[in-house]
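Participant: okay, predicted coordinates and the sequence, questions at the end:
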Amino acid sequence: MTQTMQRKLNDSVVARWGALILIALMMFFAYMFVDVISPISSLLETQRGWSPDVYGTVVGSEYFLNVFVLFLIFAGIILDKMGVRFTGLLSAGLMIIGAGIKLYGISDYFVGGGFGWEFFNSFWPSMPGSAKVACIGFAIFGCGAEMAGVTVSRAIARWFDGKEMALAMGVEMAIARLGVTAVFFLSPRLAAIAPESVVRPVAVVGALLCIGFLTFLVFTFMDRKLDRQMGNIEEIEEDKFKVKDLGNLFGSKTFMIVAFLCVLYYSAIFPFQKFAVPMLQNTLAISSQEASDLFAWFPIGAMILTPLLGAFLDFRGKGATMLILGAILMCACHLTFALVPLTKPIAYIAIILLGVSFSLVPAALWPSVPKLVDGRYLGSGYSVIFWIQNLGLWAFPLIIGKTLQATNPGVSEQIQAGVEGVTYNYTVPMLVFASLGVLAFFLGIWLKRLDTKNHYGLELPNVKK
Ligand SMILES: C[C@H](N)C(=O)N[C@@H](CCCCN)C(=O)O
């Protein structure tokens, strides 16, 4: 390897943080779209006939192609072979196409008997045609969103190698959380403008995805320049990804523990995010807007703390310990929702503490991956973790939707028939989420033990002095 003293673009603080903001903006809009219907699920039940079971199927569909068509695995291979610029633009394009199809599915034109309505209502009668088309759109969107997540992590790992990498990943996630906060605030308000409609929020946030495409396009010019500079000092041939590297990933015990910890933890977070507003609405007997505003504190907490904890990891380390603490907190919060008679102050405290947990785990987990995986196939490393994680993100909305319906017989039928004052009881679904925290905690302990024994450096700082 030929070493030169050439100063690269990512050696400039302004350039590397500028690049980070550009790619994070794409994720900001992506995360807005991911949760655009979460605060309006009750309205979808009355306007489109989506029971909790149907709603769970739609929100889980985001991950269907990633998991069952192995799209995420291909995404990692595409990323390692084609690079971040091509893969990022492809992801942004897929997100826009998927969002357009989802919008069509719930549109008044389609449900009023538009093109395809008859066909999509001719099979699987328990699933409305609008939900089926929304599933197709959301599954395509999900391919783009998850591929973008992997691409962004890969890009940050390269731009911030040996620098403030965990802080940068923390800032990127904080910007994504800001997107979630914004959509929990915006979506119910957009829907409430007369005439009340579930279509408006999806249309507005879908259009915002185009801005994300443009910001990533600008980033590609910067990345091309960095690539040219790095080409001078790196052995390109050495960097080629080989399919057998996937075997190394699946064969690594530590890597698989991280992947399983990830699926257990995130399955109790993102699927919960889809059910949190109706859970708070039903349990506290408040409006969906009030519940949505309360829940918005969850991503706000995570947004403030994730970069700070990222910086802590950069300079102090303690990654494995942070994962364990995050799992304990998550479990305690879900048990509170399940078992403690809920009042607004208790709900606020639990939501904020859940936000703290959601800072500890992501801030520690993602920057730890480059410590376990060779940079040559880091893209595939992130993809495999995302793939395993997506299995949980697909399954748990379904499991929770079905559990909710099964433990509340007849409630959905009464709500759709317009009966007033009927509510769901969320105890069992919340216990399911809490149990995932217990398992994640034990995996965290195991990971820390292995780290002590094998010296992976998970407890060590990232910044090299
Ligand atoms: C849902 C997605 N697969 C995911 O895991 N997102 C993480 C962040 C991933 C790494 C950042 N580019 C999250 O905490 O949002």
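Facilitator: In hand now; what should we look at? Numbers count the residues shown, from 1 in each chain.
Participant: for the closest residue to the ligand within the stretch 251-400 of the chain, which non-adjacent residue is spatially closest?
Facilitator: In the stretch 251-400 of the chain, the residue that lies nearest the ligand is residue 362 (3.9 Å; Cβ to the nearest ligand atom). Any C-beta I mention is one placed from the backbone N, CA and C, and that applies to glycine too. Using Cβ to Cβ, 6 or more residues apart in numbering and skipping the chain neighbours, the partner closest in space to residue 362 is residue 173 (5.4 Å).
Participant: is it true that the one you found touches residue 306?
Facilitator: Yes. Residue 173 lies in contact with residue 306 (Cβ atoms under 8 Å); the separation is 4.9 Å.
Participant: and for those two, which residues touch both?
Facilitator: Common contact partners of residue 173 and residue 306 (Cβ atoms under 8 Å, 6 or more residues apart in numbering): 362-363.
Participant: and those two? Which one has more around it.
Facilitator: Set side by side, residue 173 and residue 306 show more neighbours around residue 306, with 30 against 27, by other Cβ atoms under 10 Å.
Participant: for the more buried one, which residues are in contact?
Facilitator: 170-171, 173-174, 177, 358-359, 362-363 are the contacts of residue 306 under Cβ under 8 Å, 6+ apart.
Participant: any idea how far the helix or strand hosting it is from the middle of the chain?
Facilitator: Assessed by DSSP states H and E, residue 306 sits inside helix 297-315. Relative to its chain's centre, helix 297-315 lies at 16 Å (Cα atoms, centre = their mean, to the nearest Å).
Participant: for stretch 8-17, same thing?
Facilitator: In this view, stretch 8-17 has its centroid 27 Å away from the chain centroid, taken as Cα atoms, centre = their mean.
Participant: in it, what's buried?
Facilitator: Neighbour-count burial for stretch 8-17, with 16 or more other Cβ atoms under 10 Å as criterion, is recorded at 8-10, 15-17.
Participant: got a list of contacts for stretch 12-21?
Facilitator: Applying Cβ under 8 Å, 6+ apart, the contact partners of stretch 12-21 are 9-10, 155-156, 159-160, 163, 168, 171-172, 175, 219, 222-223.
Participant: residue 155 and residue 26 touch, don't they?
Facilitator: No. Using Cβ under 8 Å, residue 155 is not in contact with residue 26; the gap is 10.5 Å.
Participant: of the two, give the one with the bigger neighbour count.
Facilitator: More crowded of residue 155 and residue 26, by other Cβ under 10 Å: residue 26, with 31 against 27.
Participant: could you measure from the residue nearest to that one when sequence neighbours are not counted over to the ligand?
Facilitator: What sits nearest to residue 26 in space, not counting adjacent residues and going by Cβ to Cβ, 6+ apart, is residue 212, at 3.8 Å. Applying Cβ to the nearest ligand atom, to the nearest Å, the value for residue 212 to the ligand is 14 Å.
Participant: ok, now which ones touch residue 212?
Facilitator: 25-30, 92, 95.
Participant: that older thread, and which of the contacts of stretch 12-21 is nearest the ligand?
Facilitator: Distances from the ligand to the contacts of stretch 12-21, taken by Cβ to the nearest ligand atom, are shortest for residue 172, at 5.7 Å.
Participant: what's around the residue of the stretch 251-400 of the chain closest to the ligand, how many residues?
Facilitator: Residues lying near residue 362 (other Cβ under 10 Å) number 27.
Participant: quick one: mean pLDDT over the longest helix seen in the chain.
Facilitator: Counting by DSSP state H, the longest helix found in the chain is helix 199-231. Helix 199-231 shows a mean pLDDT of 95.
Participant: before we move on, what about stretch 310-321?
Facilitator: Stretch 310-321 carries an average pLDDT of 91.
Participant: repeat that for stretch 264-279.
Facilitator: Mean pLDDT, computed over stretch 264-279, is 95.
Participant: about what we covered before: need the residues that contact the next helix-or-strand element following the longest helix of the chain.
Facilitator: Going down the chain from helix 199-231, the next helix or strand is helix 245-251, by DSSP H and E. Helix 245-251 has contacts (Cβ under 8 Å, 6+ apart) with 73, 255-256, 373-374, 376-377, 380-381, 384.
Participant: same question, stretch 440-448
Facilitator: Identification of contacts with stretch 440-448 by Cβ under 8 Å, 6+ apart yields 254, 257-258, 260-261, 264-265, 268, 320-321, 323-324, 326-328, 330-331, 458-459.
Participant: which members of these occur in helices, if any?
Facilitator: Mapping those onto helices (DSSP H) picks out 254, 257-258, 260-261, 264-265, 320-321, 323-324, 326-328, 330-331.
Participant: quick one: buried residues of the helix holding residue 306?
Facilitator: 297-303, 305-307, 309-314.
Participant: what's the answer for stretch 334-345, then?
Facilitator: Buried-residue list, stretch 334-345, by 16+ other Cβ under 10 Å: 334-338, 342.
Participant: got it, and stretch 209-216?
Facilitator: 209, 212-213, 215-216.
Participant: list the contacts for residue 434?
Facilitator: For residue 434, the contact set (Cβ under 8 Å, 6+ apart) comprises 268, 331, 334-335, 338.
Participant: what does the stretch 251-400 of the chain put close to the ligand?
Facilitator: Contact residues (Cβ under 6 Å from any ligand atom) of the stretch 251-400 of the chain with the ligand: 266, 270, 362, 366, 386, 389.
Participant: how about the backbone phi and psi for the residue most central in space within the chain?
Facilitator: Centroid-nearest residue in the chain: residue 270, 6.4 Å away (criterion: Cα atoms, centre = their mean). Dihedral pair for residue 270: phi -60, psi -50, per degrees, to the nearest 10.
Participant: surely it meets residue 390?
Facilitator: No. Counting by Cβ under 8 Å, residue 270 does not reach residue 390; the two are 10.0 Å apart.
Participant: quick revisit: secondary structure element for the residue of the stretch 251-400 of the chain closest to the ligand?
Facilitator: Taking DSSP H and E as the definition, residue 362 sits inside helix 344-372.
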